[in-house]
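S.K.: Generate a structure from the sequence data that follows.
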Amino acid sequence: MLSSGAHQVHGMGTALEAPSWPPITLAEASAVLARWPQAGVPVRLAWHSPRPFSAATLVETAAGMLFLKRHHHTVRSVAGLGAEHAFLRHLAEHGQPVVRPLADAQGQTALAMGDWVWEAHPVAPGDDLYRDAPSWTPFHSEAHAHAAGAALARLHRAAADYAAPARPAEPLVSSATILGSGDPLRAAVDYVAARPALADWVAGRPWQEELAEVLARHDAPAVAGALQARPSLWTHNDWHPSNLTWTAAGTIAAVLDFGLADRGFALLDLAIALERSTVRWLELDSGSQNLAQIADARALLAGYASQAPLDAADRALLARLLPLAHVEFALAEVDYFAGTVRRQADAALAWQGYLLGHAAWFRGSEGQALLAAIAGGASL
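M.R.: As a prediction, the model looks like this:
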């Protein structure tokens with residue numbers, strides 16, 4: 001059995017740190033998996049996830065290996081996870097490579113026990129090549145980027161007829177509340193006001209001026225207007241290499257972690273995928289001049305376009321979205337760090353380094369080159 005005391009998780013930078021949520025124990029796994037009789041009796045915990053916003057582990061049971069995930073009730077509700085799982089079921093029924101969660105005798109896939117909400121999944125097929133890589137880590141190859149783009153387009157096609165409304169408002173969800181609004185700044189102000197911990201944290205800071213400058217510089221009202229002219233659909237909102245598993249041939253074996261999924265727009269989801277996987281953000285403060293993975297961005301777009309063609313207007317809007325695509329989730333992270341786990345330094349880093357810092361990077365030469373590569377060229 002793994003030693004939980006030594007377990008560390010990804011922080012806001014490159015270093016590992018102590019987790020906000022204690023690792024799952026074998027005793028906990030045994031208690032919760034008893035609610036899913038098909039799971040089998042747990043034998044040992046084979047691995048603890050380094051992802052920081054929940055606790056997750058691979059559990060070896062008498063019936064095989066399972067992925068068990070535990071959320072604090074302030075972060076995920078049974079209803080919130082239920083909405084996420086309903087989207088997974090739809091995708092599975094439409095041939096997408098996703099893993100359906102286990103259901104109990106009453107058909108429930110999200111279980112509340114004490115302060116926690118649990119979900120369990122069979123282990124995804126394929127090689128988990130990026131399992132321990134931090135978010136914002138690039139693809140290993142252009143071929144992987146191309147495969148990821150193609151898989152995202154297929155997921156969007158499968159999601160197009162999924163008519164469910166947006167999921168319940170919860171922490172750490174990446175939706176289109178701000179860029180799906182006719183007045184993004186007003187929507188952002190309302191977003192902050194609806195979250196007391198976030199509102200308390202920004203109080204006394206010139207946050208409205210800073211946020212207004214980001215939105216105005218990147219023409220958010222016009223970008224939002226163009227986005228709203230597109231069909232809405234449920235999207236993944238966290239598409240990066242470590243949320244994918246791989247076949248030996250380098251194609252996508254499974255898509256993982258729909259924890260940020262919500263109703264949004266395909267091009268916004270594609271912009272999030274580009275933002276999270278084609279810039280070496282973890283090196284932003286190192287002085288490196290080679291952060292932009294332009295070849296990977298082109299490969300990801302080419303892969304997407306192989307399944308869902310992108311015309312010149314699509315690519316132009318995508319480039320305009322890219323410096324804004326992270327803003328709402330950055331606010332969600334500030335709220336989480338300030339209120340849920342009370343890590344004020346991380347809240348400050350989420351505001352200054354993530355929300356403001358990423359937007360500012362796009363104004364520099366490397367950011368402009370990446371945007372030009374995305375917007376330019378013939379239709380794909």
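
S.K.: what about the strands in the chain?
M.R.: Along the chain, the segments classed as strands by DSSP state E run 9-10, 16-17, 42-48, 55-61, 64-72, 111-113, 116-122, 232-235, 244-246, 252-255, 262-265.

S.K.: how about those, which one is nearest residue 310?
M.R.: Nearest to residue 310 among the strands of the chain is strand 262-265 (13.8 Å), distances taken as CB to CB. The C-beta positions use only the backbone N, C-alpha and C, and glycine is treated the same way.

S.K.: who does that closest one pair up with?
M.R.: Looking at strand 262-265 with DSSP bridges, its partner strands are strand 232-235 (antiparallel).

S.K.: Tell me the gap between the partner strand and the middle of its chain.
M.R.: 14 Å (CA atoms, centre = their mean, to the nearest Å).

S.K.: Mind exporting the C-alpha coordinates of that strand to CSV?
M.R.: C-alpha atoms of strand 232-235 as CSV (Å, rounded to 0.1, in the frame of the first residue of the first chain):
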residue,chain,number,x,y,z
SER,A,232,-24.0,26.4,-28.0
LEU,A,233,-23.2,22.8,-26.9
TRP,A,234,-21.7,21.0,-24.0
THR,A,235,-17.9,21.1,-24.1
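
S.K.: So which bits of that strand are buried?
M.R.: Within strand 232-235, the residues that count as buried by 16 or more other CB atoms under 10 Å are 232-235.

S.K.: now do stretch 307-315
M.R.: 308, 310, 314-315.

S.K.: would you list the buried residues of strand 232-235 in a markdown table and tack on pLDDT?
M.R.: What follows is the buried residues of strand 232-235, written out as a markdown table (pLDDT from 0 to 100):
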| residue | pLDDT |
| --- | --- |
| 232 | 96 |
| 233 | 97 |
| 234 | 97 |
| 235 | 97 |
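
S.K.: if we can go back for a sec, redo the strands of the chain as JSON lines? Include distance to residue 179.
M.R.: Shown next, in JSON lines, are the strands of the chain (distance: least, CB to CB, whole Å):
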{"stretch": "strand 9-10", "distance to residue 179": "26"}
{"stretch": "strand 16-17", "distance to residue 179": "31"}
{"stretch": "strand 42-48", "distance to residue 179": "35"}
{"stretch": "strand 55-61", "distance to residue 179": "30"}
{"stretch": "strand 64-72", "distance to residue 179": "26"}
{"stretch": "strand 111-113", "distance to residue 179": "32"}
{"stretch": "strand 116-122", "distance to residue 179": "28"}
{"stretch": "strand 232-235", "distance to residue 179": "12"}
{"stretch": "strand 244-246", "distance to residue 179": "25"}
{"stretch": "strand 252-255", "distance to residue 179": "23"}
{"stretch": "strand 262-265", "distance to residue 179": "8"}
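
S.K.: Just want to check the distance between residue 58 and residue 258.
M.R.: Going from residue 58 to residue 258 by CB to CB, to the nearest Å gives 18 Å.

S.K.: and if you look at residue 173?
M.R.: With CB to CB as the criterion, residue 173 and residue 258 are 11 Å apart.

S.K.: Who has more neighbours out of those two?
M.R.: residue 173 (24 against 21; other CB atoms under 10 Å).

S.K.: I figured that one hits residue 262, correct?
M.R.: Yes: with contact defined as CB atoms under 8 Å, residue 173 reaches residue 262; the gap is 5.4 Å.

S.K.: shared neighbours of these two, anything?
M.R.: The contact sets of residue 173 and residue 262 overlap at 167, 237 (CB atoms under 8 Å, 6 or more residues apart in numbering).

S.K.: picking that back up, mind putting the buried residues of strand 232-235 into CSV with distance to residue 195?
M.R.: Listed next are the buried residues of strand 232-235 as CSV, based on distance: CB to CB, whole Å:
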residue, distance to residue 195
232, 23
233, 26
234, 23
235, 22
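
S.K.: For the protein, which helix or strand comes out least confident on mean pLDDT?
M.R.: strand 9-10 (a mean of 62; mean pLDDT, DSSP states H and E).

S.K.: relative to its centroid, which residue of this structure is most remote?
M.R.: Most distant from the centre of the chain: residue 62, at 32.1 Å, with distances by CA atoms, centre = their mean.
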